[in-house]
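Engineer: coordinates only, sequence not included:
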């Protein structure tokens, strides 16, 4: 893995920024209004090396680390957080799960396709009745000779409709029992494997969210990731890295909203001077800038630990908690600075405001992050 240097990060940031300005910015509101998931864009991101960022080059990835990953997500999300969210889900959930827990044959089979962006990945843990209580999953996998029969449904799944490959967590033991979950790779086209209702969302509307449905899907044992019963432990480890993803997404939203608000406050004049010179607005901008820097420092610390393969459960949760809460405050204040214009779709503030809220909910709510941090502190 290549070590991040300031020059490297600057070059990667410029590449991501240029791509976003050229290929994403002109389409933001069209995609948002129509809830279009721009699948072709992700094939282009694959050509850029952004669909397998932390995957080693031997599997077709970019062989980069989490500092570069954070930089890419930050830059893309400053332009359109929806695209940042989909990029994060593909990289850190689906692709990374197969890389972390797949055997060599499984890695060679699926990762090069995912890392190139030729296929889109999904990851299924959440269900209608089980969010954080994943020990009570109703999706089951029952052994049948050399195969498994998987039945159930997952909801709030990114790329459930457009995804080609999904890592799905199933229950292979009794409800509430220890080690009762097993992960499998499912491919679109398997009999009984389909997608259901697409969610009509407040924000992140260009990132597709829908149901995954498994109706007695016959899955070969060669599609099982790791040991039977190890699925929950795998999912928790993947979510550790996923917290960095959502924190980086939050950072991009916060920075995008802040930059838009700062520019507007310097251009908008009232009572003969720019509104950025009024103390009320000036202090808002000062708080935004401070919270963005604090968020980034927490995220970079967690990324360093992740790169070093050290335990970072607490640090990842802290980064996700602080950055996500900060991005909601910052996008709210950005809209306030825009005033009446902020409430219209002609300016970017309202979209950052709508998109920001997902960050305190997805991949573990703020309350779950506090639970994780609190348990770590007192254990």
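Structural biologist: Noted; the coordinates are in hand. What you are looking at is a predicted structure, and each value in this text was computed from that prediction instead of being measured.

Engineer: how about the helices in the stretch 251-379 of the chain?
Structural biologist: Listed in chain order, the helices found in the stretch 251-379 of the chain under DSSP state H, counting those that start in this stretch are 279-307, 313-338, 349-356, 366-378.

Engineer: can those helices go into CSV with extra columns for mean pLDDT and mean neighbour count?
Structural biologist: All C-beta atoms are positioned from the backbone trio N, CA, C, and that covers glycine. Below are the helices of the stretch 251-379 of the chain laid out as CSV (pLDDT from 0 to 100; neighbours: other C-beta atoms under 10 Å):
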stretch, mean pLDDT, mean neighbour count
helix 279-307, 98, 18
helix 313-338, 98, 24
helix 349-356, 98, 25
helix 366-378, 97, 15
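
Engineer: of these, which is nearest residue 156?
Structural biologist: For the helices of the stretch 251-379 of the chain, distance to residue 156 was read as C-beta to C-beta. The smallest value, 14.6 Å, belongs to helix 366-378.

Engineer: and the closest one, what does it pack onto?
Structural biologist: helix 313-338 (3 or more C-beta pairs under 8 Å, 6 or more residues apart in numbering; DSSP states H and E).

Engineer: any stretches of the stretch 51-200 of the chain with poor pLDDT?
Structural biologist: 132, 134-135 (pLDDT under 70).

Engineer: let me see the ranges of the helices in it.
Structural biologist: According to DSSP H, counting those that start in this stretch, the helices that the stretch 51-200 of the chain contains are 66-79, 81-88, 96-101, 104-115.

Engineer: returning to that earlier point: including distance to residue 142, could the helices of the stretch 251-379 of the chain go into JSON lines?
Structural biologist: Output for these, formatted as JSON lines (distance: least, C-beta to C-beta, whole Å):
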{"stretch": "helix 279-307", "distance to residue 142": "35"}
{"stretch": "helix 313-338", "distance to residue 142": "32"}
{"stretch": "helix 349-356", "distance to residue 142": "40"}
{"stretch": "helix 366-378", "distance to residue 142": "30"}
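
Engineer: out of these, which gets nearest to residue 153?
Structural biologist: Closest among the helices of the stretch 251-379 of the chain, once you apply C-beta to C-beta, is helix 366-378, at 22.1 Å.

Engineer: report the angle between that closest one and helix 313-338.
Structural biologist: Angle of helix 366-378 versus helix 313-338, following axes from the mean of the first three to the mean of the last three C-alpha atoms, to 10 degrees, is 140 degrees.

Engineer: ok, which of the helices of the stretch 251-379 of the chain comes nearest residue 28?
Structural biologist: Taking the helices of the stretch 251-379 of the chain one by one with C-beta to C-beta, helix 349-356 is closest: 7.2 Å.

Engineer: now the closest one: how far from the chain's centre is it?
Structural biologist: 16 Å (C-alpha atoms, centre = their mean, to the nearest Å).

Engineer: stretch 152-171 too?
Structural biologist: Offset of stretch 152-171 from its chain centre (C-alpha atoms, centre = their mean): 14 Å.

Engineer: before we move on, back to that, which of the helices of the stretch 51-200 of the chain sits closest to residue 198?
Structural biologist: helix 81-88 (13.9 Å).

Engineer: which other residues reach the closest one?
Structural biologist: With C-beta atoms under 8 Å, 6 or more residues apart in numbering as the test, helix 81-88 has contacts from 20, 24, 31-32, 37-38, 41-42, 45, 50-51, 72-73, 76-77, 158-159, 203-208, 242, 245-246, 248-249, 252-253, 256, 352, 355-356, 358, 362.

Engineer: buried subset of those residues, written for ChimeraX?
Structural biologist: Selecting only the buried entries of the contacts of helix 81-88 in ChimeraX, with 16 or more other C-beta atoms under 10 Å as the criterion:
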select :20,24,31,32,37,38,41,42,45,50,51,72,73,76,77,158,159,203,204,205,206,207,208,242,245,246,248,249,252,253,256,352,355,356,358,362
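
Engineer: so which of the contacts of helix 81-88 sit within strands?
Structural biologist: Judged by DSSP state E, the contacts of helix 81-88 include residue 158 as members of strands.

Engineer: list of residues touching stretch 128-145?
Structural biologist: By C-beta under 8 Å, 6+ apart, the residues outside stretch 128-145 that reach it are 124-127, 148-155, 168-172, 175-177, 180-182, 184, 214, 218-219, 232, 235, 364-365, 368.

Engineer: which among these end up buried?
Structural biologist: Buried among the contacts of stretch 128-145 (16+ other C-beta under 10 Å): 124-127, 148, 150-155, 168-172, 180-182, 184, 214, 219, 232, 235, 364, 368.

Engineer: distance check, the residue lying closest to residue 106 once chain neighbours are set aside against residue 115.
Structural biologist: Distances taken as C-beta to C-beta, 6 or more residues apart in numbering put residue 98 closest to residue 106, at 6.2 Å, once the chain neighbours are dropped. Here residue 98 is placed at a distance of 10 Å from residue 115 (C-beta to C-beta, to the nearest Å).

Engineer: more crowded one of these two?
Structural biologist: Just comparing residue 98 and residue 115: by other C-beta atoms under 10 Å the higher neighbour count belongs to residue 115, 28 against 25.

Engineer: OK, contacts around the more buried one?
Structural biologist: 46, 51-52, 55, 59-62, 95.

Engineer: quick check on residue 310: phi, psi?
Structural biologist: Main-chain torsions, residue 310, degrees, to the nearest 10: phi -100, psi 160.

Engineer: how many residues are close by it?
Structural biologist: Residue 310: 9 neighbours (other C-beta under 10 Å).

Engineer: ok, it - contacts?
Structural biologist: With C-beta under 8 Å, 6+ apart, residue 310 has no contacts at all.

Engineer: I figured residue 253 was touching residue 358, is that so?
Structural biologist: No: in this structure residue 253 lies outside contact range of residue 358 using C-beta atoms under 8 Å: 9.3 Å.

Engineer: show me the contacts for the closest residue to residue 158 other than its chain neighbours.
Structural biologist: Nearest residue to residue 158, sequence neighbours excluded (C-beta to C-beta, 6+ apart): residue 89, at 4.0 Å. Applying C-beta under 8 Å, 6+ apart to residue 89 gives the contacts 121-123, 158-159, 207, 245.
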